[in-house]
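J.: Sequence first, then the predicted structure, then my questions.
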Amino acid sequence: MIRSILFHSICCPNVVPIVPWKAGILKLTDHTHSYSRKDAGPPLWKRIDKAWVVILLIPILLVIFDRPQLFPTVIFAAQAILKTGVFIVFAVLAVGYLKATGAETLLARAFEGREVRMILMAALLGGLSPFCSCEVIPFIAVLLAVGAPLSAVMAFWLSSPIMDPAMFLITSGTLGFDFAIAKTIAAVGVGLLGGFTVKIFAKSMVFSNPLRPTEAQPECGCGSQATAFSGKPEWAFWHDAKRRRIFRTTVIENALFLGKWLLLAYLFEALMIRYVPAEMIASILGGDGIAPILLGALLGGPAYLNGYAAVPLMDALLDQGMSNGAAMSFVIAGGISSIPAAIAVWALVKPRVFYAYIATAMTGAVIAGMLWNIVA
């Protein structure tokens, strides 16, 4: 039953307690062709992509304040993009294939059977699915509304934004295959931690009646949205014109999305190497103790804007003395509790569940950081 309702929610999103809102879409006030002033959409400055603005602003500021550094910075970013280009291509093609085939519908199987099995499957599939925090909101809303165990839902919700196929490829190309594998394991581990914690304390006041009504789904700048396919995946998607269109659109959207954030991140990496003293990074986030790991987890939430942009920044910080454990705790805590993701979670569940979500993210990030410090 859960699977059928979930599929129906994807095909008919109006039945979900969350109505996705797209900036810039005109809304008719009546059936005539007259429009009010507010129907023109948000002001231009709200519709402009701020990431592209910053990308253009960095060279301008360098021309004004440090012209000799302009070409080294641009060349550094261009070379870095070319170096990771093959991973970007594989990433966007992989996500496009998953979307076009409708493989996401397999996620519903994680929420069938015994509760322990649900938690295990939800954490595993969450760590492998191409979803960010915002994209899983409609799924979570429906699952909670039809009575799926909060333990399994929490396991999926925690593990999903940390790792996905595209993230794995970008991380492997920049930080190494070992780091990518460790982060994937950490994603599943944090999901299991949250799922079994909720199961143990399911009857407590914290986790009872978790969902609160909402009318809007906040956006976090993710790539393509969930597809509207249901039933069994169609692995040979190219025989269907609609699926070919989904594949093409997804590939283009994700290529622009990844290219934008990675270009911005590489520009920042070049600036950090040039202007941020390595001794300062090493003194704050270096060393083998728990303090850098705790600080990395605490900084992860407010400083983490985008998972793909975080990868090159971690590369630069590691080169400047950041400890391995602090890097791992930063990316784990940041992926789950970053401001965009936290807003999405806050909009869906009651505050007590939200605080448990954040606490689990921080705890899991610190544990992952400590273990990676030992292994790396």
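T.: The structure has been received and is ready for your questions. Residues are numbered from 1 along each chain as shown.

J.: Low-confidence ranges, this structure, go.
T.: Scanning the chain for pLDDT under 70 picks out 1-42, 44-45, 104-110, 130-139, 141-142, 144-146, 213-231, 301-306, 339-341, 343-344.

J.: Where is the longest helix in it?
T.: helix 241-275 (DSSP state H).

J.: hey, where'd the helices end up in the stretch 1-150 of the chain?
T.: In the stretch 1-150 of the chain, the segments counted as helices under DSSP state H, counting those that start in this stretch are 2-11, 44-47, 50-65, 70-83, 85-101, 115-128, 137-145, 150-159.

J.: among those, which is nearest residue 313?
T.: Evaluated over these, closeness to residue 313 peaks at helix 70-83, with 11.7 Å, by CB to CB. Where you see a C-beta, it was placed from the backbone N, CA and C, and this is true even at glycine.

J.: For the closest one, buried residues please.
T.: By neighbour count with 16 or more other CB atoms under 10 Å, helix 70-83 contains the buried residues 70, 73-74, 76-77, 80-81.

J.: and those as TSV, adding distance to residue 350?
T.: Formatted as TSV, the buried residues of helix 70-83 follow (distance: CB to CB, whole Å):
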residue	distance to residue 350
70	50
73	46
74	48
76	46
77	43
80	43
81	43
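
J.: rewinding a little: now do the buried residues in the longest helix of the chain.
T.: 243, 246-247, 250-251, 253-255, 257-258, 260-272.

J.: cool, and stretch 173-184?
T.: Applying 16+ other CB under 10 Å to stretch 173-184 flags 173-175, 179-180, 182-184 as buried.

J.: Stretch 48-67 now?
T.: 51, 55, 58, 62.

J.: Same list (the helices of the stretch 1-150 of the chain) but as TSV, adding distance to residue 232.
T.: Putting the helices of the stretch 1-150 of the chain into TSV (distance: least, CB to CB, whole Å) gives the following:
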stretch	distance to residue 232
helix 2-11	11
helix 44-47	39
helix 50-65	37
helix 70-83	38
helix 85-101	10
helix 115-128	16
helix 137-145	18
helix 150-159	21
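
J.: mind checking which of the ones you listed is nearest residue 309?
T.: Closest approach to residue 309 among these is made by helix 50-65 (8.5 Å; CB to CB).

J.: Off-centre distance for the closest one?
T.: Relative to its chain's centre, helix 50-65 lies at 25 Å (CA atoms, centre = their mean, to the nearest Å).

J.: That helix to helix 241-275, inter-axis angle?
T.: With axes from the mean of the first three to the mean of the last three CA atoms, to 10 degrees applied, the angle from helix 50-65 to helix 241-275 works out at 30 degrees.

J.: From the contact counts, what lies against helix 50-65?
T.: Under the contact criterion of 3 or more CB pairs under 8 Å, 6 or more residues apart in numbering; DSSP states H and E, helix 50-65 touches helix 70-83, helix 241-275.

J.: mind putting the ones you listed in TSV, distance to residue 285 included?
T.: Shown next, in TSV, are the helices and strands packed on helix 50-65 (distance: least, CB to CB, whole Å):
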stretch	distance to residue 285
helix 70-83	22
helix 241-275	13
